[in-house]
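Visitor: sharing a sequence plus its predicted fold:
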Amino acid sequence: MVRTLRGRSPNRSGGVVVPEPLGGLPVLEGHPDPDWERGGRVVAALGALDDPGPVRTLGNAWMVVLHLRLLQVPLGMAQPYRGGGGRDNADSSGNPPKDRPPASRPDTAAVASPPVPPLSAVEAYLDRIGLPGRADASLAELHRAHATSITFENFDSFSGTPVSLRLPDLEEKIVTRRRGGYCFEHNLLLASALESLGGRQIEPMLARVRLNPDGARSPLGHLLLRVTDRDGSTWLADVGFGGGGLLEPLPFETGTETEQSGWRYRLVEDGPELVVQVFQDGEWNDMYGFVPEPALHIDIEVNNWYTATHPESPFVTGIMAGLRSPERCLTLFVYEQAVVIERPVGGPSTTTEVEMEDVPALLAERFGLSGVVLGDDGRLAVVEHGR
């Protein structure tokens, strides 16, 4: 029997906005965070107040203050963008400086890479990915072990549970409780693990997934890592693309095809973006595109919040789960019905409908995700004992 899963809208604050700006900054009354000045400063720092009108000003401050309270983002992380083409690089009319020739890609050197915090227990992480005691593991070994050990899943955003990107929360959820997560969680955890093991530079970057059948542009809802390894080589690392993602890092250069246990990937240019492609069904297919510049932590937080709470986000309206192996890509989608898509290396994909009652056992047996139950309301949820 197929049951419809209904999306859940995010909770909303009951604060009241008083429409009289004070000193050019909005006043928020009855909001969970009474420090409205902090929100106003962040709005200004982000360059959000292009329109000084009270409606635009209050709307931006409301959004930022709410984000800062829910996500607990330190004010120091919200710094103005000063990379290529930004407001700080324009003249009084808003045009780029005349003495600088146009560039095909932003000046990524002008954007400081945000610091990556180390794990509190890197040994526990190595145990979690099946490499106990392997602090000497190579980048490729760490990447493959993570990608094939930790499930991609979005049960938190589907259930309305806040998706925290604080490192202690990521370690507690994915390492200690042995849950999975989606791209922001996976790749930030990997970034901190690499930082803990030392000798590498890690730069998170935001990307747009290019899997929309109509070709429509998606928001910056994906996160990847640019990693400079101990020998100076540069790689694209991404353990957060689900069942169809990379097994190992890609060389961070265009025109180089990489084979990973029979799977073929490459990085190509498309205007200012770099695009990760996979070879399947006899042709190259886009996975996602990104401008190669480091993402500020505040931008990662806001895009994570959008992905996890927007009422039309696919991470809110349904369930996705994936697990990678060298032999196959395995993905589960649960929206109007449950389907499993499976692709063996070198072969075509197959799509199989699954009865809703069979999904919990399927997730436990094939995706390594236990504790999923089907409620009386027809919704799937993860039940963790002791929580």
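Guide: Great, that's in hand.

Visitor: residues touching Pro348, list them.
Guide: Neighbouring residues of Pro348 by Cβ atoms under 8 Å, 6 or more residues apart in numbering: Asp281. Quick note: C-beta positions are derived from backbone N, CA and C, even for glycine.

Visitor: now the phi/psi pair for it, please.
Guide: The phi and psi torsions at Pro348 (degrees, to the nearest 10) take the values phi -80, psi 160.

Visitor: flag every buried residue along stretch 334-351.
Guide: 334, 338, 340-343 (16 or more other Cβ atoms under 10 Å).

Visitor: export these to CSV and append columns for distance to Glu257, secondary structure and pLDDT.
Guide: Rendered in CSV, the data for these read as follows (distance: Cβ to Cβ, whole Å; DSSP: H, G, I helix; E, B strand; the rest coil; pLDDT from 0 to 100):
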residue, distance to Glu257, secondary structure, pLDDT
Val334, 34, strand, 98
Ala338, 35, strand, 98
Val340, 29, strand, 98
Ile341, 24, strand, 97
Glu342, 24, strand, 97
Arg343, 19, strand, 96
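
Visitor: tell me which of those is nearest to Val302?
Guide: Taking Cβ to Cβ as the measure, Val302 lies nearest Val334 of the buried residues of stretch 334-351, at 26.8 Å.

Visitor: now Thr234. Nearest residue, chain neighbours left out?
Guide: Phe252 (4.1 Å; Cβ to Cβ, 6 or more residues apart in numbering).

Visitor: for that neighbour, which residues are in contact?
Guide: 226, 234-236, 267, 292.

Visitor: list only buried entries from the residues you listed.
Guide: Burial by neighbour count, 16+ other Cβ under 10 Å: within the contacts of Phe252 this picks out 226, 235-236, 267, 292.

Visitor: how far is stretch 196-209 from where the chain is centred?
Guide: 12 Å (Cα atoms, centre = their mean, to the nearest Å).

Visitor: then stretch 289-301?
Guide: Using Cα atoms, centre = their mean, the offset of stretch 289-301 from its chain centre is 10 Å.

Visitor: now for Phe155: which residues touch it?
Guide: Per Cβ under 8 Å, 6+ apart, neighbours of Phe155: 161, 179, 319, 372, 380-382.

Visitor: out of the residues you listed, which is most surrounded?
Guide: Ile319 (24 neighbours; other Cβ atoms under 10 Å).

Visitor: just give the nearest non-adjacent residue to that residue, would you?
Guide: Per Cβ to Cβ, 6+ apart, closest to Ile319 is Val334, 4.0 Å.

Visitor: list the contacts for that neighbour?
Guide: 5, 318-320, 356, 359, 380.

Visitor: ok, these vs Leu220, which is closest?
Guide: Among the contacts of Val334, and counting by Cβ to Cβ, the member closest to Leu220 is Met320, at 18.1 Å.

Visitor: isn't there a strand covering that closest one?
Guide: Yes: with DSSP: H, G, I helix; E, B strand; the rest coil as the criterion, Met320 is part of a strand.

Visitor: ok so, going back, need the contacts of Val334 in TSV (columns: pLDDT and distance to Val302).
Guide: Formatted as TSV, the contacts of Val334 follow (pLDDT from 0 to 100; distance: Cβ to Cβ, whole Å):
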residue	pLDDT	distance to Val302
Leu5	35	26
Gly318	98	22
Ile319	98	24
Met320	98	21
Met356	97	34
Val359	98	32
Leu380	98	28
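
Visitor: what secondary structure does Val275 sit in?
Guide: Applying three-state DSSP: Val275 is strand.

Visitor: hmm, Gly240 is touching Cys183, no?
Guide: Yes: counting by Cβ atoms under 8 Å, Gly240 touches Cys183, with 3.2 Å between them.

Visitor: now for the two: what residues contact both?
Guide: Common neighbours of Gly240 and Cys183 (Cβ under 8 Å, 6+ apart) are 152, 222-224.

Visitor: host element of the closest residue to Gly375 other than its chain neighbours?
Guide: Among residues not flanking Gly375 along the chain, Ala381 sits closest, at 6.1 Å (Cβ to Cβ, 6+ apart). Assessed by DSSP states H and E, Ala381 sits inside strand 380-382.

Visitor: same deal with Leu225?
Guide: strand 222-228.

Visitor: pLDDT averaged over that strand - what is it?
Guide: On average, the pLDDT along strand 222-228 is 98.

Visitor: partner strands of that strand and their direction?
Guide: Next to strand 222-228 in the sheet, as set by DSSP bridges, lie strand 201-209 (antiparallel), strand 234-237 (antiparallel).

Visitor: using CSV, lay out the shared contacts of Gly240 and Cys183 together with distance to Glu248 and neighbour count.
Guide: Below are the shared contacts of Gly240 and Cys183 laid out as CSV (distance: Cβ to Cβ, whole Å; neighbours: other Cβ atoms under 10 Å):
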residue, distance to Glu248, neighbour count
Phe152, 17, 28
His222, 18, 26
Leu223, 18, 27
Leu224, 14, 28
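
Visitor: which single one of these is nearest to Leu363?
Guide: The closest of the shared contacts of Gly240 and Cys183 to Leu363 turns out to be Phe152 (Cβ to Cβ; 11.6 Å).

Visitor: having no further points to raise, I will conclude here.
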